[in-house]
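Trainee: Structure, please.
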Amino acid sequence: MAIRKLYGILADSPEEAEAGEPRRFMRHLASLSATKLADGLIDPKLVLAWLMSALGAPAYLIGALVPVRESGALLPQILLAREIQKSRVRKWFWAAGSFIQGIAALGIGASALLLDGAAAGWAILGCLAVLALARAACSASYKDIAARTLRKGSRGTVSGAAGTAAAVLVLAFAVALALGAIPREPGAIGTVVLIAGGLWIAAALVFAGLDEPAGNGDGAAMDSAAALLRPLREDDEFRRYVAVRALLIPTALAPPFIVMLSNQGQGESLGNLGSLMIASSLATILSSYVWGRLSDHSSRLTLALSAGAAAVALAVAAGFGVATGGTGGPVLAGLFVFVAQIAYEGVRAGRKIHLTDMDTNGAKPVYTALSNTLIGVLLFLGGGFGLLADAAGPAVVLAVFAGFCAVAAALALGLSEVQQESGA
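Mentor: Residues are numbered from 1 along each chain as shown. This next block holds a predicted model:
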């Protein structure tokens, strides 16, 4: 009864849910909360970058963290899609991926505790690559699993609730860092990474118990490259969705350029790391659940609104940079990160639920893997914006990003209201 009561608080129309829905909802919530918390504890853009710097790793290895993490989690998905499509029960792909991420995180933590210099850098980067590849299995399979085990109207809610719960705990970690309650040395951060590894392993065990109805495995439709690319050729809705998602890549890339714009002229300290994590965590806490609920009603509107918010925030940051040559210090940098993170949470919720609720004629893994692989290629190429920042300054990069997001907002309005359509 307690599970059904909590489900009734979080989800709309609980009386419409079948008997097993609340228990499945709670397994999703527990698993996603644990993995999202683990993600926050080892954030490559902040935590691992600081950790490698503190261990004396070379700058070129630190610079490779985000490209390895982001593209590594997306590029392999097209290769995994056929195996997932053939499988009648797909929760094992997610569970195995989460378990391997946990083992890789344990490797990162051990490297921080036992190594230093270039050896630590290479070991951490190698473990992160393994973690990213394992994450690809989770990402490629999850939307299909959610469509099989959760009804429309609760999928965005469970993701948003998990994001909020995890963000509260990440915020507590960030506050402890900022106040010095957690020792400011690599060993302490390495221990936190070990905890993250345990969370991924626990999530895998919880998710393995999910009651997923067996489907009809069908890999025959994916025997050729032409078959894999068929959705891009034949599905107008999917093409527009991929275009919108591609134009919204800047919402993931923007934070480092906002921090660069602050132009402090000094390396990040652990205190700065804590304050930036506080800004990011607060944004997630305040917006994740709201965006998730809105996306359950209209993922189209969620994408349009969050894209518009990103366009405005990045344009203001760019204008501030052009006018003043910076952001005015870490406080305003934190404010811009806060607003950009709110927009990013909306983009992430909208794109996930739009594809989950889209009618794909039983080919959800193909659609997921194809879109993620295409975005992975573009994310890898997005490293070129760093060269633009070197040549013209971060304000110019942010202005370009704002333009992309504005176009994405307009395109998103042309997406279908998939929540009103039958099928999944």
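
Trainee: tell me which element the residue nearest the centre of the chain is part of?
Mentor: Closest residue to the average C-alpha location of the chain: Arg348 at 6.8 Å, with C-alpha atoms, centre = their mean. Here Arg348 sits within helix 330-357, counting by DSSP states H and E.

Trainee: Which neighbouring elements make contact with that helix?
Mentor: In terms of contacts (3 or more C-beta pairs under 8 Å, 6 or more residues apart in numbering; DSSP states H and E), helix 330-357 is packed against helix 117-149, helix 155-179, helix 236-247, helix 250-261, helix 270-297, helix 299-324, helix 364-381. (Glycine included, C-beta is placed from N, CA and C.)

Trainee: got the angle for the fifth one vs helix 250-261?
Mentor: Helix 270-297 runs at 160 degrees relative to helix 250-261, counting by axes from the mean of the first three to the mean of the last three C-alpha atoms, to 10 degrees.

Trainee: packing partners for helix 270-297?
Mentor: Checking 3+ C-beta pairs under 8 Å, 6+ apart, helix 270-297 ends up next to helix 155-179, helix 299-324, helix 330-357.

Trainee: Now do the contacts for the closest residue to Ser53 other than its chain neighbours.
Mentor: Spatially, and ignoring its direct neighbours in sequence, Ser53 is nearest to Ile62 (6.0 Å; C-beta to C-beta, 6 or more residues apart in numbering). The contact partners of Ile62, by C-beta atoms under 8 Å, 6 or more residues apart in numbering, come to Ala49, Met52, Ser53, Gly121.

Trainee: now the host helix or strand of Ile62, how far from the chain's geometric center?
Mentor: Ile62 is located in helix 59-63, with elements delineated by DSSP H and E. In this view, helix 59-63 has its centroid 22 Å away from the chain centroid, taken as C-alpha atoms, centre = their mean, to the nearest Å.

Trainee: With stretch 183-194 instead?
Mentor: With C-alpha atoms, centre = their mean, you get 23 Å for stretch 183-194.

Trainee: and that stretch, C-alpha only, in CSV?
Mentor: C-alpha atoms of stretch 183-194 as CSV (Å, rounded to 0.1, in the frame of the first residue of the first chain):
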residue,chain,number,x,y,z
PRO,A,183,38.8,17.2,2.9
ARG,A,184,40.1,19.2,0.0
GLU,A,185,42.4,16.5,-1.4
PRO,A,186,42.3,13.8,-4.1
GLY,A,187,42.0,10.9,-1.7
ALA,A,188,38.7,12.2,-0.4
ILE,A,189,37.3,12.8,-3.9
GLY,A,190,38.6,9.3,-4.9
THR,A,191,36.6,7.8,-2.1
VAL,A,192,33.5,9.7,-3.2
VAL,A,193,34.0,8.1,-6.7
LEU,A,194,34.1,4.7,-5.1
